[in-house]
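Enquirer: how does the following fold in three dimensions:
(2 chains)
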Number of protein chains: 2
Amino acid sequence: MEKEIVKVGMLGMGTVGGGVAELLKRNSRQIEEKTETEFSLVKILVRDPSKQRSVDLEDYILTSDPDDIIEDPSISVVIEVIGGIEPAREYISRALQNGKYVITANKDLMATHGEELLKVARENKRNIFYEGSVGGGIPIIRPLRHSLVADQVKRIVGIVNGTTNYILTKMVEDDISFEEALSRARELGFAEADPSNDIEGLDASYKLIIMSGLAFGCNIDPSQVYVEGIGAVTREDIAYAREIGYVIKLVAIGEMLPEGLALRVHPTLVSAEHPLASVSNEFNAIFVEGDAVGEVMFYGRGAGALPTASAVLADMAEALRCIRRQAVNGFIEIAKKEIPLLSINRLNSRFYLRFLADDRPGVFAALANAFGDEDVSLDMVIQKRRVNSTAEIVLVTHMVEEDAFNRALEKVVSLPAIRPNPSKFRLLG
Amino acid sequence: MEKEIVKVGMLGMGTVGGGVAELLKRNSRQIEEKTETEFSLVKILVRDPSKQRSVDLEDYILTSDPDDIIEDPSISVVIEVIGGIEPAREYISRALQNGKYVITANKDLMATHGEELLKVARENKRNIFYEGSVGGGIPIIRPLRHSLVADQVKRIVGIVNGTTNYILTKMVEDDISFEEALSRARELGFAEADPSNDIEGLDASYKLIIMSGLAFGCNIDPSQVYVEGIGAVTREDIAYAREIGYVIKLVAIGEMLPEGLALRVHPTLVSAEHPLASVSNEFNAIFVEGDAVGEVMFYGRGAGALPTASAVLADMAEALRCIRRQAVNGFIEIAKKEIPLLSINRLNSRFYLRFLADDRPGVFAALANAFGDEDVSLDMVIQKRRVNSTAEIVLVTHMVEEDAFNRALEKVVSLPAIRPNPSKFRLLG
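Expert: Okay, the predicted model is just below:
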């Protein structure tokens, strides 16, 4: 074992930072044994070094000046757990330029500036590790980087946001509304004070971008990803979905189609038989389809202080091994190709549609014509009578291009007998 | 990119070897891009170089002399897909001594001689990679080696044998006997001509030993692992299990208990709610519980030519990166501790017991006494009347030590009213 102790600095001391400090207290010795490298977390960047904390930090130097870490030449590894884009981006970039290995769990940053930071890492013969940015402690980045190297990934389908999965699970289990489920999630700490990034699907889209970058070897413009949140999912839709053998989940899908790459996040009807259907509460799961490996799935707790700290420290261990083995820049990702994404309008899906209609003769014929005119063929029709001579109609289509479906839908809602604001969701194909 | 082409030799050309050759034809370029290393499979050891084959091998030199590969100093990486202990052990050992990186999917060998071969690798500053030895293409060895470094693994629970899982799934779905399900598995290629290693649990125990070695950092004597196959599982037991909300699976369990390490493979009643319960047919899944990450599960096709080739070539890519980065011996495992295993007699389980009894007064009182004397408390009792005044009784116990349960069982079967040969299975706790 080399005698020199590798020094580590950490930027930030929030939830994940607290988890890292706690886990280091518990399992430092084991990490040293497994990496055959002695290390020490020496400095932590905090806003207020004098603040009382629940985690015992007396072993560490607390500083409010980032340069104390970024510009300290004795520090070889920097863990970034501040979150957000700036100043995290700048700190990481400078740390890499100063020859440090960087570990981050920052999905916003890696999804929007990942390629830029990896380029800085390559230029400086260092590396940036970000296992914790997707799926908390679930190993998914490392398998995509190292395990599926010989596979052409065809598809990634993931439940990657714990907040929305918790809400949708409670809506199903307890037959409650979106609002009630959200307030329960808040009470239990599964939703943040402002949960809009989760609810609107943005968080899931960031994780999809990071995974797709690795799986498909491409650099993705976040603004090109189709993102639809779960705010429009109702108890009625959940009940109908169940009636026809489906569960509604917020699903992130990345697919390499013959025409190009398609990335989308939206509420999705998943067949009850599919392994993703039984992923409940705050759990995450990522389904990867490769041309050789077939289908593999990774499942676990997608967030939380200790699970994410587990991923962060596994990354730190990899950095320690790089340093110990003098593997110049570790296993770094090659530069990614720019691939334009397919527009959602060109993608094919099966659609679920629910709407109210006047219960009078001729409505079904008019519906049939509207769909028939656009070659949208129907797989399933359920009609139930409601009060006041209003019928509730649920349709499921066969595979159809989004554009064609939308044209048919426009015709349908323009029919005088059809009430406005239908529920529309896609099925997992 | 370095100009030198890394030369690879392969020992064996069976099912997995054919998968490797096929996948190389398809995805070699991608592996070269991702590793930034040019490589070439140059020589393959076969029994009969003149034999006609379904895979096109004209790009390769076929040889029947292992030394053409093992002693060829221009070859840096050796892939072993012969299987079995000898001569694979000797070939691998010599290849490592000659400074080559070794990739193997050989579970029998890694379970019984893994530590010996890893020692040879360490001594020669090389490495042996064996992702394909457990779970086919499912990434599990690399996550255990690299991703859960900061976790103390508490438990591994896996369905790691596709043949037995296929048989048990068919017995449930089609309500057929073990023999019928086995013969179907044979027809579909999910069972070998001699399936005894699968049926008797030995194959699963090898995979458990390999995973436990990594997860618990110990070297395990295979003869100390408790192994029980699925031959005694009947349709009746499957039906009763379903009635009480369970599915019977062949489960491999490794646990670090306060008293020591326990490893066992046996048919197990798994609650229908547990993620492992929905792992069907030839699929495998491995559930790992860590002190930080919580529960993570890895799921996929546990065998087959291409899935296993996917793992083998991911390992080869890691070897290529080690060579390219001149990372002296790659990421090698540290020497493992010798840990004696706990005997099954000392382990606690919940038990399921089914037997026939004369339907006459006093039987239940006698039963209750037999269990009560050994402090075995019952969680559930089902009694159904059968023909000829015979009752069928199914019991589920609370947690109890194996020894105590067996003593109670002895008393039970010695009762004159109780018929011999009860069915006895454990529940997943």
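Enquirer: so which residues of chain A form helices?
Expert: Remark: helices assigned in chain A by DSSP state H are A:15-35, A:67-70, A:88-97, A:107-123, A:141-142, A:162-174, A:178-187, A:196-199, A:202-216, A:235-243, A:305-325, A:363-373, A:402-414.
Enquirer: please tabulate those helices in TSV, including the columns mean pLDDT, mean neighbour count and distance to chain B.
Expert: C-beta here means a position set from N, CA and C on the backbone, and glycine is covered the same way. Below are the helices of chain A laid out as TSV (pLDDT from 0 to 100; neighbours: other CB atoms under 10 Å in any protein chain shown; distance: least, CB to the nearest CB, whole Å):
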stretch	mean pLDDT	mean neighbour count	distance to chain B
helix A:15-35	93	20	5
helix A:67-70	98	19	21
helix A:88-97	98	21	18
helix A:107-123	95	20	11
helix A:141-142	92	22	5
helix A:162-174	96	22	12
helix A:178-187	94	17	18
helix A:196-199	96	19	20
helix A:202-216	96	25	10
helix A:235-243	95	17	17
helix A:305-325	92	26	3
helix A:363-373	90	15	35
helix A:402-414	95	17	31
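Enquirer: distance to residue B:7 added to those, as CSV?
Expert: Shown next, in CSV, are these (distance: least, CB to CB, whole Å):
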stretch, distance to residue B:7
helix A:15-35, 31
helix A:67-70, 43
helix A:88-97, 35
helix A:107-123, 27
helix A:141-142, 28
helix A:162-174, 47
helix A:178-187, 56
helix A:196-199, 50
helix A:202-216, 28
helix A:235-243, 55
helix A:305-325, 23
helix A:363-373, 60
helix A:402-414, 50
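Enquirer: residue B:150: which of these is closest?
Expert: Closest to residue B:150 of the helices of chain A is helix A:305-325 (CB to CB; 3.4 Å).
Enquirer: residue A:154 and residue A:209, how far apart?
Expert: Residue A:154 sits at a distance of 18 Å from residue A:209 (criterion: CB to CB, to the nearest Å).
Enquirer: and the residue of chain A most remote from its centre, what pLDDT?
Expert: For chain A, the C-alpha farthest from the mean C-alpha position belongs to residue A:361; by CA atoms, centre = their mean, that distance is 46.6 Å. Reading off the confidence values, residue A:361 has pLDDT 82.
Enquirer: same check, this time on residue A:261
Expert: Note for residue A:261: predicted pLDDT of 95.
Enquirer: list the contacts of the nearest residue to it once chain neighbours are set aside.
Expert: Distance criterion CB to CB, 6 or more residues apart in numbering or on different chains; nearest residue to residue A:261, sequence neighbours excluded, is residue A:339 at 5.1 Å. Contact analysis of residue A:339 by CB atoms under 8 Å, 6 or more residues apart in numbering or on different chains lists A:216, A:218, A:219, A:220, A:260, A:261.
Enquirer: same deal with residue A:44?
Expert: Contacts here follow CB under 8 Å, 6+ apart; on that basis residue A:44 touches A:9, A:10, A:11, A:12, A:13, A:17, A:21, A:57, A:60, A:61, A:62, A:63.
Enquirer: and those residues as JSON lines, adding distance to residue A:304?
Expert: As requested, the contacts of residue A:44 are exported to JSON lines (distance: CB to CB, whole Å):
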{"residue": "A:9", "distance to residue A:304": "23"}
{"residue": "A:10", "distance to residue A:304": "18"}
{"residue": "A:11", "distance to residue A:304": "20"}
{"residue": "A:12", "distance to residue A:304": "16"}
{"residue": "A:13", "distance to residue A:304": "16"}
{"residue": "A:17", "distance to residue A:304": "13"}
{"residue": "A:21", "distance to residue A:304": "15"}
{"residue": "A:57", "distance to residue A:304": "20"}
{"residue": "A:60", "distance to residue A:304": "22"}
{"residue": "A:61", "distance to residue A:304": "27"}
{"residue": "A:62", "distance to residue A:304": "24"}
{"residue": "A:63", "distance to residue A:304": "27"}
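Enquirer: which of those lies closest to chain B?
Expert: Set against chain B, the nearest of the contacts of residue A:44 by CB to the nearest CB is residue A:21 (12.2 Å).
Enquirer: wait, residue A:63 sits on residue A:48?
Expert: No. Residue A:63 lies out of contact with residue A:48 (CB atoms under 8 Å); the separation is 10.9 Å.
Enquirer: residue A:391: what's it in contact with?
Expert: Counting by CB under 8 Å, 6+ apart, residue A:391 has contacts A:356, A:357, A:358, A:359, A:363, A:383, A:384, A:385.
Enquirer: which non-adjacent residue is nearest it?
Expert: Spatial nearest neighbour of residue A:391, excluding adjacent residues (CB to CB, 6+ apart): residue A:359 at 4.2 Å.
Enquirer: please report how far the one you found lies from chain B.
Expert: According to CB to the nearest CB, to the nearest Å, residue A:359 stands 41 Å off from chain B.
Enquirer: need the contacts of residue A:391 in TSV (columns: distance to residue B:235).
Expert: Formatted as TSV, these follow (distance: CB to CB, whole Å):
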residue	distance to residue B:235
A:356	49
A:357	50
A:358	54
A:359	50
A:363	51
A:383	42
A:384	41
A:385	45
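Enquirer: list buried residues within those.
Expert: A:356, A:357, A:358, A:359, A:363 (16 or more other CB atoms under 10 Å in any protein chain shown).
Enquirer: and the pLDDT at the second one?
Expert: Same thing as residue A:357. Residue A:357 is assigned 92 on the pLDDT scale.
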